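A.B. asks: pasting the structure only:
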């Protein structure tokens, strides 16, 4: 930002917004796909998320989220490298 001392970085406006609980579970699942529902709940508690605020049993809610994440995970593509399920001549 231009000022009396020339161009300077802008002052930060504030801290970034905290992830929603759903977003936090999604992100932790991407990093730790082997975690169980109990692992995710323990991590959420460690990060001071209020799992008691979830509507219904927290284990069932997080379990549904994880099932949805797995169901909607993107299909591997050639750019994914050696672990890819793509093969030449495959039809999509």
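C.D. replies: It's in. Note that the structure is predicted; figures quoted are calculated from it, not measured.

A.B. asks: Please report the distance of the closest residue to residue 27 other than its chain neighbours from residue 66.
C.D. replies: Excluding the flanking residues, the one nearest residue 27 by C-beta to C-beta, 6 or more residues apart in numbering is residue 19, at 6.6 Å. Yep, even glycine has a C-beta here, placed from its N, CA and C like the rest. To residue 66, residue 19 is 16 Å away according to C-beta to C-beta, to the nearest Å.

A.B. asks: what kind of secondary structure is residue 45 in?
C.D. replies: Under DSSP: H, G, I helix; E, B strand; the rest coil, the three-state class of residue 45 is helix.

A.B. asks: one step back: reduced to three states, what does the residue nearest to residue 27 come out as?
C.D. replies: coil.

A.B. asks: which one's the longest helix in the chain?
C.D. replies: Criterion DSSP state H: the longest helix present in the chain is helix 58-71.

A.B. asks: Dead centre of the protein: give me the residue that sits there.
C.D. replies: Geometric centre of the chain, nearest residue: residue 27, 1.5 Å, by C-alpha atoms, centre = their mean.

A.B. asks: okay but that one is in contact with residue 18, surely?
C.D. replies: No. The criterion here is C-beta atoms under 8 Å, and residue 27 misses it with residue 18 at 11.8 Å.

A.B. asks: and residue 64, how many residues sit next to it?
C.D. replies: The number of residues packed near residue 64 is 12, by other C-beta atoms under 10 Å.
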